[in-house]
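In: coords below, sequence missing:
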DNA sequence: TCAAAAGTGTTCTTATTACACCCATGG
DNA sequence: CCATGGGTGTAATAAGAACACTTTTGA
């Protein structure tokens, strides 16, 4: 039997999969590591948890350092604790994922921008540590979440079109959806407010703009909903990995 | 900025919510602690993760020590890492939950039985540490899981009646269900095998016995299903806390 | 006038809900 | 013969799925 002291030699980190949606693509934020191990490689943003820092607070701290944003959607996903997952010693990592509006991120000073980049999720590969596994777990979590919570609110700008919202769902779920059925369903939830405004300057019929109803949104956040979607039969959409080695 | 060394002073534990189903009640296994802190109090079974032990393995180890059972359903739920949650230092705990057949457990030698007991979930209260919060998280997880995975297989004996299965769902979801609708739905899944056997020695019409179809079960385990259930309109069932302080 | 995306309804099918009486057994 | 829980079907409603053409704008 080990003595109590021997158990207190581990470190804990948080790693954060930060999702954004831009140009029809679901993306995550990667950072170029400045320290060993894996210095100069692109990895998930993360950091050690300080000795007297709450775990959740560490995740918030990393997120705020990366994005400059506060009050961001953040949820714990899974903890990875293989004994040899980190070369420097026993390091257990807790994975979080968060959802941000990329437009907000872009307004931030460029301090961190030199060492951070948004990468479409289909193009991410060869992450160091067990970060690929972490990403996969977070992506699965997002897929699950999108069917029970009105997640679009976190990822889209304040005003958006129904097509943008549909594309978001398609990007997350990796399916294609029927336009009429999607609209019927999402509108029947009374979650959206029709702003009676239209897009401007587009080379086609301008779309109506909508925003989320914050009251309804909070309701759905706590109670959940059931957004079951089935891939539309006609045209199927495959996940394309455009990554090259 | 802290030095690397300063991060390596934490300990990691696992805590395990072990669910069983018996006498129509959903129960969990509690253990009488043999060590400080909270010695002699009833708590969730758990233990430190050894320095070179995989996290998941620690959860399996605790489970096997407690129950003597192998290959048990076990899933990670959430990690609790408030800085001051443990009086002895920085201890982060990873919560797991598992599902066992209480009948199997009862066959085990009674070594641990003196310091362990099954408690109906409605009667659990005042657990030490943040164990109440951990239990709540695991119970929520079980509720979620029961609607997407054929969880009954893990909790019921090899042969069971449809009413027993229904009572299991009712205990987990804390609702009452319509008998006919429940049967129609569960039978339509082709998950059950009608054994063409009947109960014996009951003071009423004997019920047919069923078992799970292992092939179908595996399929549902990986693909999931959608067991949406709505509380039956006529008679509602409230969660009754029979605990007395 | 063309290209591009927006917008819009109906029919069919499937799943869910509500609901009440007879049956088999042991005591 | 009574108490107990087992077992069964149908009609009404709601939700989901399939599907194609017209509209508005800028270039």
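Out: Cool, got the structure. Remember, predicted model here, so these are calculated numbers, not experimental data.

In: Next, the angle from the longest strand anywhere in chain A to strand B:11-22.
Out: Using DSSP state E, we find that the single longest strand of chain A is strand A:11-22. When axes from the mean of the first three to the mean of the last three Cα atoms, to 10 degrees is applied, the directions of strand A:11-22 and strand B:11-22 differ by 70 degrees.

In: Which other helices and strands does the next helix-or-strand element following strand A:11-22 contact?
Out: Proceeding N to C from strand A:11-22, the next assigned helix or strand is strand A:25-32, under DSSP states H and E. Where contact means 3 or more Cβ pairs under 8 Å, 6 or more residues apart in numbering or on different chains; DSSP states H and E, strand A:25-32 is packed against strand A:11-22, strand A:42-43, helix A:55-67, strand A:116-120, helix A:162-173. (Each C-beta comes from the backbone N, C-alpha and C, glycine too.)

In: List the buried residues of the helix or strand harbouring residue A:92.
Out: Applying DSSP H and E as the criterion places residue A:92 in strand A:91-99. Under the neighbour-count criterion of 16 or more other Cβ atoms under 10 Å in any protein chain shown, strand A:91-99 has A:91, A:92, A:93, A:94, A:95, A:96, A:97, A:98, A:99 buried.

In: other SSEs contacting the helix or strand that that strand is followed by?
Out: The helix or strand immediately downstream of strand A:91-99 is helix A:102-106, counting by DSSP H and E. If you count contacts as 3+ Cβ pairs under 8 Å, 6+ apart, helix A:102-106 packs onto strand A:11-22.

In: What parts of chain A come near DNA strand C?
Out: Contacts of chain A with DNA strand C, taken as Cβ under 7 Å from any atom of the strand, map to A:161-163, A:179-181, A:183-184, A:198, A:203-208.

In: which among those residues end up buried?
Out: Neighbour counting by 16+ other Cβ under 10 Å classes A:161, A:162, A:183 among the residues of chain A next to DNA strand C as buried.

In: Kindly reformat these as a markdown table and extend each row with distance to residue B:19 and pLDDT.
Out: Formatted as a markdown table, those follow (distance: Cβ to Cβ, whole Å; pLDDT from 0 to 100):
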| residue | distance to residue B:19 | pLDDT |
| --- | --- | --- |
| A:161 | 46 | 97 |
| A:162 | 43 | 97 |
| A:183 | 42 | 97 |
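
In: Make CSV from these and add distance to residue A:105 to it.
Out: Shown next, in CSV, are those (distance: Cβ to Cβ, whole Å):
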residue, distance to residue A:105
A:161, 21
A:162, 24
A:183, 29
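
In: Could you single out the nearest of the residues you listed to DNA strand D?
Out: Nearest to DNA strand D among these: residue A:183, at 9.3 Å, using Cβ to the nearest atom of the strand.

In: doesn't the closest one fall inside a helix?
Out: Yes. The assignment for residue A:183 is a helix, going by DSSP: H, G, I helix; E, B strand; the rest coil.

In: residues contacting it?
Out: A:162, A:166 (Cβ atoms under 8 Å, 6 or more residues apart in numbering or on different chains).

In: Throw the buried residues of strand A:91-99 into JSON lines and include pLDDT, thanks.
Out: What follows is those, written out as JSON lines (pLDDT from 0 to 100):
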{"residue": "A:91", "pLDDT": "98"}
{"residue": "A:92", "pLDDT": "98"}
{"residue": "A:93", "pLDDT": "98"}
{"residue": "A:94", "pLDDT": "98"}
{"residue": "A:95", "pLDDT": "98"}
{"residue": "A:96", "pLDDT": "98"}
{"residue": "A:97", "pLDDT": "98"}
{"residue": "A:98", "pLDDT": "98"}
{"residue": "A:99", "pLDDT": "98"}
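
In: hey, what's residue A:48 bridged with?
Out: Following DSSP bridges, residue A:48 is listed with bridge partners residue A:13.

In: what pLDDT does it get?
Out: The model reports residue A:48 with a pLDDT of 97.

In: Equivalent analysis for residue A:121, please.
Out: On pLDDT, residue A:121 comes in at 97.

In: quick one: contacts for the residue nearest to it when sequence neighbours are not counted?
Out: Spatial nearest neighbour of residue A:121, excluding adjacent residues (Cβ to Cβ, 6 or more residues apart in numbering or on different chains): residue A:26 at 5.0 Å. With contacts defined as Cβ under 8 Å, 6+ apart, residue A:26 is in contact with A:19, A:20, A:120, A:121, A:168, A:171, A:172.
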